[in-house]
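**Q** Provide a 3D model corresponding to the input given below.
(chains A, B, C and D, ligands or ions: 3)
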Amino acid sequence: MSTLENLGQAIEQGDRNEAERLTQEAIDAGVGPQEILDALVAAMDEVGRRFQANEVFVPEMLIASRAMKQCMARLEPLLVEKGIRPAFTAVIGTVEGDLHDIGKNLVAMMWRGANFNVVDLGTNVAADKFVAAAREHGARVVGLSALLTTTMPAMKRTVEALKADGAIDARVVIGGAPVTEAFARDIGADGFAPDAASAVQLVRGLVEAA
Amino acid sequence: MSTLENLGQAIEQGDRNEAERLTQEAIDAGVGPQEILDALVAAMDEVGRRFQANEVFVPEMLIASRAMKQCMARLEPLLVEKGIRPAFTAVIGTVEGDLHDIGKNLVAMMWRGANFNVVDLGTNVAADKFVAAAREHGARVVGLSALLTTTMPAMKRTVEALKADGAIDARVVIGGAPVTEAFARDIGADGFAPDAASAVQLVRGLVEAA
Amino acid sequence: MRFRQLAIDSPDNLLFGTAPRPLTTRRGMVIGGGTVYPEFNFTLPDIAIDEGSMPAVRRQYQQIIDDALRRAVELEPPGLVVEFEMLPPMTQQPRWGIEITAILAEALEQAHARHGLPSTLRITPNDTREFERPARMRHGPYWEGMRQAFDGAAAAGGELLSIESVGGKEIHDDALMAGDLPAAIFALCVLGTRDMRFLWSELADIAQARGVHCAGDTACGFGNTAMVLAEQKLVPRLFAAVIRAVTAVRSLVAHECGAVGPGKDCGYENPILKAITGMPMAGEGKTAACAHASPLGNIAAAMCDTWSNESVQNVKLLGGMAPTCYLEQLVYDCRLFNRAMDHGPSAATMLRNWLVESDSGLDPQAYILTPHSVVAVARAIVAAPDHYRAGVAAAATAIDLLREGHEAGCLRIHQRELPWLDRMQRSIEALPESESAFIEQMMGEVDTTRFNPAEYGL
Amino acid sequence: MRFRQLAIDSPDNLLFGTAPRPLTTRRGMVIGGGTVYPEFNFTLPDIAIDEGSMPAVRRQYQQIIDDALRRAVELEPPGLVVEFEMLPPMTQQPRWGIEITAILAEALEQAHARHGLPSTLRITPNDTREFERPARMRHGPYWEGMRQAFDGAAAAGGELLSIESVGGKEIHDDALMAGDLPAAIFALCVLGTRDMRFLWSELADIAQARGVHCAGDTACGFGNTAMVLAEQKLVPRLFAAVIRAVTAVRSLVAHECGAVGPGKDCGYENPILKAITGMPMAGEGKTAACAHASPLGNIAAAMCDTWSNESVQNVKLLGGMAPTCYLEQLVYDCRLFNRAMDHGPSAATMLRNWLVESDSGLDPQAYILTPHSVVAVARAIVAAPDHYRAGVAAAATAIDLLREGHEAGCLRIHQRELPWLDRMQRSIEALPESESAFIEQMMGEVDTTRFNPAEYGL
Ligand SMILES: [Zn+2]
Ligand SMILES: [Zn+2]
Ligand SMILES: [Zn+2]
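**A** Numbers count the residues shown, from 1 in each chain, chains lettered A, B, ... in the order given. Ligands and ions are numbered 1, 2, ... in the order given. As a prediction, the model looks like this:
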């Protein structure tokens, strides 16, 4: 097996020290940083697939994600050097009045695994904070989370504010227990993910289509 | 007790032969037909009150209603002679796609007891049939009934058709299990009765206000 | 009268999950064979059904069944009965009803193949004949649509045929409002039984041709209308209770024509049919509160073989889509019944008794469904020479039972209802002995503009 | 640790409707005194709550309670617990929460005066302190709003004070996602217990001043979050089961500070608290499917004293408004429990056992709630010297129980979860003996930017 194959396996198994070592080994062997990055993302995709197939739990995925993060710390200087940057920036947060962060954190983790630049605004985020962050970071994607039915109106307000701002060119995606596809359509969101795992494909599809 | 008081009691007890006899007695004694009619309506109002207070069941009310009908047969020629007519005409029916008639029949019975001229179109009545009947009879009130949630759209269509017709000046009232006040407002109906008993007061109020 | 004696002649032997003549389905569920199965029901939210909305309608049903089966696989019921109760446009345009049957059947097939979940599909087209008045009961486009819906849905994967047939309802509605017991008996046991014989003979032919089962009918439009009117305090509960007993005569005809159960969920007369036929029966009670309130929430479970939620729209609750929420409740209800049964019949009978005692003293309609009452009414029915006399006997027995229950202090009856016991009794004591004399009498009393006697073979 | 021995030390004596220290309410309900009462819950449909919508919000609650009480009067439960669980804006603007409390209290008062329906009102303001991060737990406007909401609602007719408090949740959420049992114990038994002691001492003062009762808390945000994550297959069920056992240590603190029950509905740890304290407890299971799915549908009823539907929005179902539909289901569930109890404790215990057997073999979270497991975990807790050691002991006992249950063939555990038994055991075996050493260790591991130790008295 090649170093990159081994690296992929180390990520999948969440063995962060081994993954870091193999990253360095690949760098030292002159493998291009983009190629190494691709291997990391592919490994995280595989973890995501297993997760979606109920073969692994979040804790295992979290460990893989931490291993990737450790590898990225090694890789980042080289990526910067070559001018390789994440494909795009995604802003994420739980809407105003809602404090639930687990679903939001899970999506953020999976987006990072797919190498999106993720700006996490936390919970109970007002519409204008979403707008400001989307402008500031030139976000291509904004993800809104809500777990309370009572905060669905806040979700609607936030989508409207984002769509009304001419300086923002972002797909707005929503998710959370009370959210349905029909609700997403009603409030003018661009996409809806029924669970965290599908949020990656959703965003990839939307950004490619854009 | 006066003849009219006795007549009222006979109606309330559903004793139709006694009621008919007392009607004739009142006529013979020279009591005015409007006065007799008022006594009958007052008695039916009292029956309606007892019904609403759960003191009597529909069968008892039905018997009272039949007794009134028998009295009206005696009274009608005199009313015609004096040019006394029912206050107004109400058209009633169950909307298209819906075959339930019990609630509708109950409302029709109570309206007749209040001496409205009731035109009953039956069940499964298309919007254009309501419109045609409302025009033909110069209805001041149209009552729509629906028991199926699936026929609520038909109710909406019917209200719209009635409201769109410039030749019709009728208050449209709706009722039936799936119907709510909010739905009535949404579809532009003029009133909503949660049960048959309150349909009389509803219509009296609407027509007076008009 | 095909059934001349009781299949279950002791109240002790009337028990949920247990029928002397159980039904084995294609995927090996044995209904009435010692297990109570959840019977899952659902319907559309408020959307119109027409050519334009059919894609959305299909999506709705697909979502409902996918979501519910995902949860069913997790909860692992011993088997699942799914009822597809059509909405009238789906029977009038049978291809719509058949299409949706196929969607559901396919989902059940996959859940069985992938996850080993046994299931069976009950299909319930509508009795659309009442869409014209007076109705043509035995020919015309409505009847043709019904035939096609049954035949096509049976071919598309429906295994159990059911219907809420309405022959006689055009007279029965007025009888209810008037509190007129003889007219109700005429509607149920003269008109209703004649129509049932026609209808269920036709369905038996379809079932045989398609290799599926006639399951059963329900007097929903009669007995449950009375129950709802009683809940709304429009008619006396005593009257509704007696009507319930009489409806059994009508619903029994399905089984006389070959239906093998399970009788349909909303047929609260089912325990009486079970005592007579020994066939398994569906039931619905508290877990059908989504569809209607009732005074029979627990007692309805006491003798059921499948346990249903009757109907719930596909709307979102906090916990998920309402159909899936109700499926979960059914599964847990059934687990309880089945765990009690694991401990043997006497344990299960204890649970049955608590379910009965829960409701039987509080409402005449519940009292008529105690095992003791059920067997008494059933016995009166099978002893009668014809359906008319069976109806009168059922009513008379019910009145006696209610009177005795009240006098023994086992049944509470509201003061203002009490006179109805005598009133109902007088009304049937005056009836003639022979059906032909009864028909002649009633034809002079009921509103004969509402139906065409020839359509009922009169 | 105030409780040093068990109030109920035999699994045989853990039974629904029966608590050694029952609670008598103002209108004479005796909770835990031989009757299971329905505990009715409801919430708004999807509408914003602000000054402009408050008239509509008031109307909603008025409609909900009027409609439900109309049906309750018909169904005649022996008594009714009504829970008003506020929505966050109603705690932040306490006058809104207090206003609605008054609406509900007035409706209950009228139903009692006119129809003799006994009832009591549980009020559950929100723990809004988490609206700022890191949270101020013991001062600031959020805490002030909570205090006012409790005090005002107690004055306005609330008789039972409850809350779903969240101290420690800022650490626990991450611990759940990471499957990190020591961090969860730190969140629950170091941070959570300290916050509970502060919070429930304050509530005890309010309760005393207002002449009402502290009822209890729930580790909803901890144990039920774990359960939901397990249902979504995000974390192992074994992990959620062990978390449940540990949550009891935290929720117990309410009772150490004077709460007398009934513990709050969604506290599935309640049976453990009941064994320890002897106080009555609320439960919710299958009839709370409107709020969430669970593997505990029946077993959750086995030891409850009130039976709740957790929460349902005021939306229309075919049978009526959803809250009223659910009330009906609760009433029938309770009738069954109470009829079994009419036949004496051994009959009731049979029903309890069937409820337990229904679920206990299928899911570790259910297995932890069998009477046997409950007493074992409760015993481990009261034997521990402090809350930290109690948390570790609860976890260790739970792991042992699950392992034994699996080995004895009484509990099914999914293959891919099995390694978690050893993994969890190793993680707690490595923990230090003293709480101070544990705190020092954990402060080096958890994300300390998320909370302010001083707010927890650390
Ligand atoms: Zn039905
Ligand atoms: Zn909770
Ligand atoms: Zn609650």
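**Q** how about residue 66, what does it touch?
**A** All of this refers to chain A. A:14, A:16 (C-beta atoms under 8 Å, 6 or more residues apart in numbering or on different chains). Any C-beta I mention is one placed from the backbone N, CA and C, and that applies to glycine too.
**Q** oops, I was thinking of chain C
**A** Per C-beta under 8 Å, 6+ apart, neighbours of C:Asp66: C:Ala107.
**Q** can you check C:Ala289 too?
**A** The contact partners of C:Ala289, by C-beta under 8 Å, 6+ apart, come to C:297, D:319, D:325-326, D:328-329.
**Q** just checking, which of those residues belong to helices?
**A** Secondary structure defined by DSSP state H assigns D:325-326, D:328-329 of the contacts of C:Ala289 to helices.
**Q** out of the contacts of C:Ala289, who's nearest ligand 3?
**A** D:Tyr326 (11.9 Å; C-beta to the ion).
**Q** Apart from its chain neighbours, what residue comes closest to the closest one?
**A** Leaving aside its sequence neighbours, D:Tyr326 sits nearest to D:Asn309 (C-beta to C-beta, 6 or more residues apart in numbering or on different chains; 4.2 Å).
**Q** what number of residues lie near the one you found?
**A** 28 (other C-beta atoms under 10 Å in any protein chain shown).
**Q** what does chain A put close to chain D?
**A** By C-beta under 8 Å from any C-beta of the partner chain, the residues of chain A that approach chain D are A:54-55, A:57-59, A:62, A:97, A:99, A:101-102, A:105-106, A:122-124, A:149-150, A:152-154, A:178, A:195.
**Q** before we move on, the earlier item: output the ones in helices among the contacts of C:Ala289 in a markdown table; the columns should cover neighbour count.
**A** A markdown table is the format used below for these (neighbours: other C-beta atoms under 10 Å in any protein chain shown):
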| residue | neighbour count |
| --- | --- |
| D:Cys325 | 27 |
| D:Tyr326 | 29 |
| D:Glu328 | 29 |
| D:Gln329 | 27 |
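**Q** from the contacts of C:Ala289, which single one is nearest ligand 2?
**A** Looking across the contacts of C:Ala289 and measuring by C-beta to the ion, the closest to ligand 2 is D:Tyr326, at 15.8 Å.
**Q** bridging residues for C:Met321?
**A** Here C:Met321 sits in beta bridges with C:Lys316, going by DSSP bridges.
**Q** That one touches C:Asp67, doesn't it?
**A** Yes - between C:Met321 and C:Asp67 there is a contact under C-beta atoms under 8 Å: 5.4 Å.
**Q** quick one, which of those two is more surrounded?
**A** Counting neighbours by other C-beta under 10 Å for C:Met321 and for C:Asp67 shows that C:Met321 has the greater number, 22 against 17.
**Q** per-residue pLDDT, the more buried one?
**A** If you check C:Met321, the pLDDT there is 95.
**Q** quick one, what contacts it?
**A** C:63-64, C:67-68, C:314-315.
**Q** if we can go back for a sec, and the contacts of C:Ala289 as CSV, adding distance to ligand 1?
**A** CSV is the format used below for the contacts of C:Ala289 (distance: C-beta to the ion, whole Å):
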residue, distance to ligand 1
C:Gly297, 16
D:Gly319, 12
D:Cys325, 17
D:Tyr326, 21
D:Glu328, 18
D:Gln329, 19
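**Q** ok, of those residues, which one's closest to A:Ala134?
**A** Nearest to A:Ala134, judged by C-beta to C-beta, of the contacts of C:Ala289 is D:Tyr326 at 41.1 Å.
**Q** Relative to ligand 1, how far out is the closest residue to C:Arg70 other than its chain neighbours?
**A** Of all residues not flanking C:Arg70 in the chain, C:Thr324 sits nearest, at 8.0 Å (C-beta to C-beta, 6+ apart). Distance from C:Thr324 to ligand 1, counting by C-beta to the ion, to the nearest Å: 21 Å.
**Q** List the residues that contact C:Thr324.
**A** Contact analysis of C:Thr324 by C-beta under 8 Å, 6+ apart lists C:67-68, C:70-71, D:293.
**Q** One more: A:Glu35?
**A** A:4, A:26.
**Q** so how far is ligand 2 from the residue in the stretch 251-400 of chain C that chain B sits nearest to?
**A** Per C-beta to the nearest C-beta, C:Gln313 is where the stretch 251-400 of chain C lies closest to chain B, at 6.7 Å. Using C-beta to the ion, C:Gln313 is found at 26 Å from ligand 2.
**Q** May I have the residues that are in contact with the nearest residue to that residue once chain neighbours are set aside?
**A** What sits nearest to C:Gln313 in space, not counting adjacent residues and going by C-beta to C-beta, 6+ apart, is C:Pro45, at 4.8 Å. C:Pro45 makes contact with B:149, C:60, C:313-315, according to C-beta under 8 Å, 6+ apart.
**Q** What of C:Leu296?
**A** C:227, C:268, C:285, C:359, C:363, C:365-366, C:369.
**Q** phi, psi of it?
**A** phi -120, psi 20 (degrees, to the nearest 10).
**Q** for A:Gly188, helix, strand, or coil?
**A** Under the three-state scheme (DSSP: H, G, I helix; E, B strand; the rest coil), A:Gly188 adopts coil.
**Q** In contact with it, which residues are there?
**A** A:Gly188 touches A:159-160, A:163, A:172, counting by C-beta under 8 Å, 6+ apart.
**Q** Let me know the pLDDT of it.
**A** At A:Gly188, pLDDT is 93.
**Q** and what of A:Ala210?
**A** At A:Ala210, the pLDDT recorded in the model is 68.
**Q** So for the longest helix along chain A, mean pLDDT?
**A** Secondary structure of chain A per DSSP H: the longest helix is helix A:58-81. The predicted model gives helix A:58-81 an average pLDDT of 93.
**Q** Buried residues of that helix, list them for me.
**A** Of all the residues in helix A:58-81, those buried under the rule 16 or more other C-beta atoms under 10 Å in any protein chain shown are A:58-72, A:74-75, A:79.
**Q** go on, stretch C:400-409?
**A** C:400-403, C:405-406.
**Q** Got the phi and psi for the residue nearest to D:Tyr326?
**A** Dihedral angles for D:Asn309 - degrees, to the nearest 10 - are phi -100, psi 10.
**Q** Same list (the contacts of C:Ala289) but as TSV, adding distance to B:Val31.
**A** Formatted as TSV, these follow (distance: C-beta to C-beta, whole Å):
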residue	distance to B:Val31
C:Gly297	54
D:Gly319	50
D:Cys325	53
D:Tyr326	57
D:Glu328	52
D:Gln329	57
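**Q** Of all these, the one with the weakest confidence?
**A** D:Gly319 (92).
**Q** Enumerate every residue touching that residue.
**A** D:Gly319 touches C:288-293, D:325, counting by C-beta under 8 Å, 6+ apart.
**Q** Give me the pLDDT value at the residue nearest the centre of chain A.
**A** Residue closest to the average C-alpha location in chain A (C-alpha atoms, centre = their mean): A:Trp111, at 1.4 Å. Here, the pLDDT recorded for A:Trp111 equals 92.
**Q** still on that earlier bit, doesn't D:Leu317 make contact with the residue of the stretch 251-400 of chain C closest to chain B?
**A** Yes - the pair C:Gln313 and D:Leu317 qualifies as a contact (C-beta under 8 Å) at a distance of 6.6 Å.
**Q** Can you select the buried ones among the contacts of A:Gly188 for me in PyMOL?
**A** A single PyMOL command is used to select the members of those judged buried by 16+ other C-beta under 10 Å:
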select buried, chain A and resi 159+172
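**Q** What is the nearest of the contacts of A:Gly188 to chain D?
**A** Using C-beta to the nearest C-beta, the contacts of A:Gly188 come closest to chain D at A:Glu160, 13.6 Å.
**Q** one step back: let me know the closest of the contacts of C:Met321 to B:Gln24.
**A** B:Gln24 has its nearest neighbour among those in C:Val315, at 58.0 Å by C-beta to C-beta.
**Q** now whatever helix or strand C:Ala19 lives in: mean pLDDT?
**A** Using DSSP states H and E, C:Ala19 maps to strand C:18-24. Throughout strand C:18-24, pLDDT has a mean value of 98.
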